[in-house]
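Visitor: sequence below, structure please.
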Amino acid sequence: MVDKENVTASIANPITILTQKAIDRKAVHNVAIDERDVPVNESYIAQLKNSTGITVMAKSKWFNAVHVRGSQPDIQALENLAFVEHVDFANKSLNTSKAVRKVKVSKFKETYAMFNYGNASNQIEMFNGDKLHEAGYTGTGMTVAVLDAGFPNVNTMVAFKRLRDAGNLKGGYDFVNREDNVYANTTSNHGTLVLSDMAGYIENQFVGTAPDASYYLFITEDALSENPVEESYWVEAAERADSLGVDVINTSLGYTTFDNPNYNYTTSNMDGKTAFITRGANIAFEKGMLLVNSAGNSGNDSWGIVGAPADAAGVFTVGAVDASGNYAAFSSRGSALQPTHKPDVVAQGQASYVIFENGAIGTANGTSFSSPIMTGGMVCLWQALPDKTNAEIMQLARASASQYEMPDYNLGFGIPNLELALNIALDEAPKDDSDNLLIYPNPVEASLFVKTASDNFPITINLFDILGKQVLQSTLSDPEDVLDVSTLANGIYIVSVFAADITKTFKLIKK
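Guide: The predicted structure follows:
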């Protein structure tokens, strides 16, 4: 579709299209408000609804697009409408030409919480999320959207009473049934279990990883079928989340194949740029939100690798391990197809403790649960570091992980240590300390120098961009050596330095 209405006026007066919280979040993280934030032209949608044989299923302001259903001839007839730029069929064999999308790209305490985690102890202690809670970071002031399949009894269960009483259950929407009452859809209990790992609370028995965050609940998954329209529901929900000022999205869903095999993706499509939901996720990342997604449960089947949108560069993808930190064989693996290393990290997904819709505490298997367990930790980390961008929070978690220097496709960068990630952030500026090692200048333009004792040489320096991709590695043999970074693009990098018994990680700004 083309030409949105009142674009200039809407961008000049963004409160007409976004909430104040959304505007404030974008301002803090220097995220531009642009044409993609302006809603789709409603008069065009009305014309589509009146077109012969057409049912409008979903809409996307980011893509300036509408998802419709109808017969092939009726859908093709829409190309005759002046405002329709092109049609993309879910059955990819019907797309005879590849249209170029005209989308602009924006630029980029004093209180301590002491919980008895009960059954949930291991899954938060694995990445030291409990240490963030002890420091007072339990999610307060952060807003999370949970995009899932169903949330039965969340509005009545004792396990979410603490959440409701605090006013932190903000509402939601069922995009599948176009229903405000998100609890009326009882076809799946999946979202209830997922939410429990972040927000559940039963005193002395169970505590989620971000119990004091605020939550919106969105149903985007049709539990009774598998159809590409669910991708459109997800993008629409992500747009709603952005307009509401949501900070973090958890998605324990993934899309690879469908009920109609004509709509199937191939593994080669999991390249971080092909699937509609993946492209939507990358826009959501550009809009400043942190997206955490389950890697998928295809590790034991022929598909094998992460699905969409977990393949997106802008998504923080979480695989699964057991209670001892060993790879869970069902966890989908990364692949060289992805633009960044997948999975990003892992958390407990085998025999994860959850709270069922009847209030019982039990275990369940799947990256569906390692994802929210980690999401809550990331929420608390961002609460502690509110000036960081979504990309910086992702990279801090990666840099703290157990196999950051040697990632693989099973565990990614490994199990994070979020207490270490926080400490890294609080001590980013390189300075003389007990290690007597200084990297300067920071910010840097061309030459990076190292000041340390001569017996600390040789020194190995690794630079990673904010998406976790290694962009430079060098070894300095003596104090006269200088690292040339002049060819690097301006931006933020994570630097890891290894010298004798010294290991340091910090942020470097290239200008």
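
Visitor: which residues does residue 321 contact?
Guide: Contact analysis of residue 321 by CB atoms under 8 Å, 6 or more residues apart in numbering lists 327, 328, 331, 346, 347, 348, 349, 350, 370, 411, 415. C-betas here are computed from N, CA, C, even on glycine.

Visitor: just the ones of the residues you listed in strands?
Guide: If you go by DSSP state E, the contacts of residue 321 have 346, 347, 348 in strands.

Visitor: looking at those, which is nearest residue 240?
Guide: Nearest to residue 240 among these, counting by CB to CB, is residue 347 at 26.8 Å.

Visitor: thought that closest one was touching residue 374?
Guide: Yes. Assessed by CB atoms under 8 Å, residue 347 is found in contact with residue 374 at 4.2 Å.

Visitor: find residues that contact each of those two.
Guide: Residues within reach of residue 347 and of residue 374 at once, by CB under 8 Å, 6+ apart, are 127, 318.

Visitor: beta partners of the residue nearest the centre of the chain?
Guide: Centroid check for the chain by CA atoms, centre = their mean gives residue 291 as the closest residue, at 1.4 Å. Taking DSSP bridges as the rule, residue 291 bridges to residue 249, residue 315.

Visitor: surely it meets residue 317?
Guide: No. Using CB under 8 Å, residue 291 is not in contact with residue 317; the gap is 9.3 Å.

Visitor: that older thread, buried ones among the contacts of residue 321?
Guide: Among those, the ones that count as buried by 16 or more other CB atoms under 10 Å are 327, 328, 331, 346, 347, 348, 349, 350, 370, 411, 415.

Visitor: between the residues you listed, which is nearest residue 173?
Guide: residue 370 (26.0 Å).

Visitor: quick one: the closest one and residue 133, what's the gap?
Guide: Distance, residue 370 to residue 133, using CB to CB, to the nearest Å: 19 Å.

Visitor: residue ranges of the strands in the stretch 201-350 of the chain, please?
Guide: Ranges of strands in the stretch 201-350 of the chain, per DSSP state E, counting those that start in this stretch, are 201-202, 206-207, 214-219, 248-251, 290-294, 315-321, 345-348.

Visitor: mean pLDDT and distance to residue 399 for these - can I get that in CSV?
Guide: Below are these laid out as CSV (pLDDT from 0 to 100; distance: least, CB to CB, whole Å):
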stretch, mean pLDDT, distance to residue 399
strand 201-202, 98, 31
strand 206-207, 98, 27
strand 214-219, 98, 28
strand 248-251, 98, 19
strand 290-294, 98, 16
strand 315-321, 98, 13
strand 345-348, 98, 11
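
Visitor: in TSV: those, plus distance to residue 402.
Guide: Listed next are the strands of the stretch 201-350 of the chain as TSV, based on distance: least, CB to CB, whole Å:
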stretch	distance to residue 402
strand 201-202	29
strand 206-207	24
strand 214-219	29
strand 248-251	22
strand 290-294	18
strand 315-321	10
strand 345-348	9
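
Visitor: picking up where we left off before, of the buried ones among the contacts of residue 321, closest to residue 58?
Guide: Comparing the buried ones among the contacts of residue 321 against residue 58 with CB to CB picks out residue 370 as the nearest, at 28.3 Å.

Visitor: stretch 253-266 spans what distance, first to last residue?
Guide: Start and end residues of stretch 253-266 are separated by 17 Å (CA to CA, to the nearest Å).

Visitor: let me see the mean pLDDT of that stretch.
Guide: For stretch 253-266, mean pLDDT rounds to 97.

Visitor: buried residues in that stretch?
Guide: Neighbour-count burial for stretch 253-266 flags 253, 254, 255, 256, 258, 263, 264, 265 (criterion: 16+ other CB under 10 Å).

Visitor: check stretch 337-345 too.
Guide: Along stretch 337-345, these residues count as buried under the neighbour rule (16+ other CB under 10 Å): 337, 338, 340, 341, 342, 343, 344, 345.

Visitor: and these, which of them are in helices?
Guide: Judged by DSSP state H, helices contain none of the buried residues of stretch 337-345.

Visitor: show me which pair in the residues you listed is furthest apart.
Guide: Checking the buried residues of stretch 337-345 with CB to CB, the most distant pair is 337 and 345, at 19.1 Å.

Visitor: the stretch 101-250 of the chain: helices as residue ranges?
Guide: In the stretch 101-250 of the chain, the helices defined using DSSP state H, counting those that start in this stretch lie at 121-125, 129-134, 161-165, 190-199, 229-243.

Visitor: dump the ones you listed to CSV, plus mean neighbour count.
Guide: Listed next are the helices of the stretch 101-250 of the chain as CSV, based on neighbours: other CB atoms under 10 Å:
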stretch, mean neighbour count
helix 121-125, 20
helix 129-134, 23
helix 161-165, 15
helix 190-199, 28
helix 229-243, 24
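
Visitor: confirm for me that residue 403 is in contact with residue 410.
Guide: No. At 9.9 Å, residue 403 and residue 410 do not qualify as touching, with contact defined as CB under 8 Å.

Visitor: the more surrounded of the two?
Guide: residue 410 (21 against 15; other CB atoms under 10 Å).

Visitor: show me what the nearest residue to the more buried one once chain neighbours are set aside is bridged to.
Guide: Once flanking residues are discounted, residue 410 sits nearest to residue 327: 4.6 Å by CB to CB, 6 or more residues apart in numbering. Beta bridges link residue 327 to residue 321 when assigned by DSSP bridges.

Visitor: which residues touch residue 327?
Guide: Neighbouring residues of residue 327 by CB under 8 Å, 6+ apart: 319, 320, 321, 346, 410, 411.

Visitor: for residue 122, state which of those is nearest.
Guide: Distances from residue 122 to the contacts of residue 327, taken by CB to CB, are shortest for residue 321, at 10.9 Å.

Visitor: same for the helix or strand bottoming out on mean pLDDT in the chain, what does it pack against?
Guide: Among the helical and strand segments of the chain, the one scoring lowest on mean pLDDT, DSSP states H and E is strand 502-510, with a mean of 76. Contact here means 3 or more CB pairs under 8 Å, 6 or more residues apart in numbering; DSSP states H and E; on that basis strand 502-510 packs against helix 418-426, strand 437-440, strand 491-499.

Visitor: what's the closest of these to residue 296?
Guide: With CB to CB as the criterion, residue 296 lies closest to helix 418-426 of those, at 23.3 Å.

Visitor: buried set for that closest one?
Guide: 418, 419, 420, 421, 422, 424, 425.

Visitor: I'd assumed residue 134 was in contact with the fifth one.
Guide: No. The pair residue 422 and residue 134 fails to qualify as a contact (CB under 8 Å) at a distance of 11.5 Å.

Visitor: beta partners for residue 172?
Guide: residue 217.

Visitor: any idea of the pLDDT on it?
Guide: Predicted confidence (pLDDT) for residue 172: 97.

Visitor: burial measure for it, as a count.
Guide: Using other CB under 10 Å, the number of residues around residue 172 comes to 25.
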